[in-house]
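Enquirer: Okay, structure incoming, though there's no sequence with it:
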Ligand code: SAM
């Protein structure tokens, strides 16, 4: 084959994470989402049984093309931007530099933007923030740059950790000696770790100890994790959930009611919803 070898499949929300894992494991050299489709680039054909098709596309600098499509995104008091466009951030905005590992959240997805905006509305000084499903680290970084005292970004996918570390460095943060995933911030520290809401994954004891929890996952997972969200949040603390499709909203509403969250408020953007609530 000549040109570029691309495997193209629908970016179905329910199977997206598993599909991305499968594609990386099969040797993809790059992943991209475009117009609702996942595009995986390969040097040699791989044996894949996903619901996709191989195409042989004319050779081009696909990375340059992909870069061209990224522009700075305003999200409340933050502007999320790739590093090569940092000069375009207005001085009144907090620059949030993200050079994404393509699949992990660039700020261009409505849910990421909504969550950054919601974090920007909180007074984070002296607060401990937990980001569940940190991906590129964009939300944890927003919390850290927004002045939080201590931020932990957790993701079950180990592939995200180097991207999150790189993005922290890109924003000028310096790692504490001997701890490459723990950074010094103006307010205190920002750490990234592989894991989820198991007590072992949380940095201290797993006792309720966070003042803010943000999670950009999906409705079914929020339903499953709602009890764990309640368990790690201090009373009367904000919860920010997104990644929720409008038609799955009832599931998340019910989960929040079950776990006695109050002051539930919803923000819509197209088919996506962000919910904020407070622990009781
Ligand atoms: N936080 C980033 C953002 O807002 O752009 C990335 C969000 S991405 C939609 C969801 C991330 O959650 C993925 O990186 C995935 O690996 C991670 N994830 C999925 N299930 C998880 C779980 N149970 N615990 C922790 N992370 C999870």
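Expert: Alright, I've got the coordinates. Given the structure is predicted, the values throughout are model-derived calculations rather than measurements.

Enquirer: Name the nearest residue to residue 118, sequence neighbours excluded.
Expert: Distances taken as Cβ to Cβ, 6 or more residues apart in numbering put residue 240 closest to residue 118, at 4.7 Å, once the chain neighbours are dropped. In this view, the C-beta of every residue, glycine as well, is placed from N, C-alpha and C.

Enquirer: Repeat that for residue 83.
Expert: residue 97 (4.8 Å).

Enquirer: didn't the one you found look like it was pressed against residue 81?
Expert: Yes. Using Cβ atoms under 8 Å, residue 97 makes contact with residue 81 at a distance of 6.2 Å.

Enquirer: got a pLDDT number for the nearest residue to residue 218 once chain neighbours are set aside?
Expert: Once flanking residues are discounted, residue 218 sits nearest to residue 243: 4.7 Å by Cβ to Cβ, 6+ apart. Note on residue 243: pLDDT of 94.

Enquirer: Relative to the whole chain's centre, how far out is the helix or strand containing residue 243?
Expert: Using DSSP states H and E, residue 243 sits in strand 238-245. How far strand 238-245 lies from its chain's middle: 12 Å, per Cα atoms, centre = their mean, to the nearest Å.

Enquirer: Just confirm yes or no for that strand near the ligand.
Expert: Yes. Under the criterion of Cβ under 6 Å from any ligand atom, the ligand is reached by strand 238-245 at residue 243.

Enquirer: contacts for that strand?
Expert: 13, 111, 114-115, 118-119, 122, 133, 211-219, 221-222, 229, 233, 252, 256, 261, 271-279 (Cβ atoms under 8 Å, 6 or more residues apart in numbering).

Enquirer: Kind regards, and thank you for your time.
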